[in-house]
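Q: Starting from these lines, generate the structure:
(one chain, ligands or ions: 1)
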Amino acid sequence: MGITTNEVVVITGGSKGIGFASAALFLEAGKRVSIWDTEKPEDNFLDKHKDNLIYIKCDVSNEKSIINALEDTEKKWGNIQTLVCSAGVQRYSTVTETTEEEWDFVMGVNLKGSFLAAKHCIPSMQKNGKGVVIQISSVQAFYSQEKVAPYVTSKSGQLGLMRSIAVDYAPSIRSVAICPGTIDTPMLQDAVNLSADPEAVLQECADMHLVGRIGKAWEVAKLVNYLASDDASFITGQYFRIDGGMGVMIAGSKR
Ligand SMILES: NC(=O)c1ccc[n+]([C@@H]2O[C@H](COP(=O)([O-])OP(=O)(O)OC[C@H]3O[C@@H](n4cnc5c(N)ncnc54)[C@H](O)[C@@H]3O)[C@@H](O)[C@H]2O)c1
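A: Modelled structure (predicted):
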């Protein structure tokens, strides 16, 4: 069982952070990876894995861009087996502060992008008779903070999308979601850099997790790789929190 080599994995948002760490682990396991991202991964990563890795410039919020990325991937390697929807953006605002453009931008990448990628990748998977769709959602599908209205809405929506795919395409396609706590990635760094005291914000984030620290992208990537493998063949329609125990304490307090 486990991961079969030569299988084709599409990772949206695979140039950085959780998507990138997932790509690196899939490549280590002998899979072929197609990264769909608006930004290119580092050249040395592309060079190191040139036989099994392609990068396709793609804006997941645009259906034509997704169709082109799928065409290029299938032309190179044939049908795909796994889709990881990791492309994501964060913006900070309440409902009354959020402009229509900001709302559409966050929902467009995080939720519509996941829908469009699944819409076009599932038929490719069905040609193989099986496949797996993995949403990278968030603990923010369950909790909120101040000023994250579009983001929490998009992350909650990904769980509905995950369940819908699980029901509609069973038994051949499995559909799951991963809900990380705070993970050390460029997205987190960009977020904390908005503060006057980034170190204090990072410490505050670490303190929210029972394990007393922020998570690492490879820790999430391990779960992505497991859920994509045949070792997880009895798992579908579920979300998995990987959050260092965040939210277990009442109101975040040990006392
Ligand atoms: N880092 C965290 O603390 C954390 C926690 C919970 C959930 N998540 C989720 O995990 C996923 C990955 O986050 P990350 O922290 O690795 O972020 P990241 O910013 O490090 O990486 C996100 C990637 O998505 C790409 N991207 C952005 N817009 C795109 C678009 N329109 N089309 C294609 N690609 C696009 C970026 O270029 C980047 O490579 C996101 O969906 C995020 O919401 C992150």
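
Q: Spatially nearest residue to the closest residue to the ligand within the stretch 51-200 of the chain (excluding sequence neighbours)?
A: The minimum distance from the stretch 51-200 of the chain to the ligand, using CB to the nearest ligand atom, falls at residue 88 (2.3 Å). The way it works is simple: take the backbone N, C-alpha and C, and place the C-beta from them, glycine included. Among residues not flanking residue 88 along the chain, residue 110 sits closest, at 5.2 Å (CB to CB, 6 or more residues apart in numbering).

Q: SS state for the one you found?
A: helix (DSSP: H, G, I helix; E, B strand; the rest coil).

Q: cool, and residue 103?
A: helix.

Q: how near is it to residue 195?
A: From residue 103 over to residue 195 the distance is 24 Å, taken as CB to CB, to the nearest Å.

Q: Neighbour count: these two, which is higher?
A: For the pair residue 103 and residue 195, the greater number of neighbours falls to residue 103 (17 against 12), based on other CB atoms under 10 Å.

Q: count of neighbours near the residue lying closest to the more buried one once chain neighbours are set aside?
A: Excluding its sequence neighbours, the residue lying closest to residue 103 (CB to CB, 6+ apart) is residue 150, at 5.1 Å. Residue 150 has 26 neighbours, counted by other CB under 10 Å.

Q: show me the contacts for residue 150.
A: By CB atoms under 8 Å, 6 or more residues apart in numbering, the contact set of residue 150 is 91, 93, 98, 102, 103, 105, 106, 107.

Q: Kindly report the same for residue 131.
A: 80, 81, 82, 83, 121, 122, 124, 125, 172, 173, 174.

Q: Quick one: residues contacting the fifth one.
A: Looking back up the chat, that one is residue 121. Contacts of residue 121 (CB under 8 Å, 6+ apart): 10, 70, 80, 83, 131, 133.
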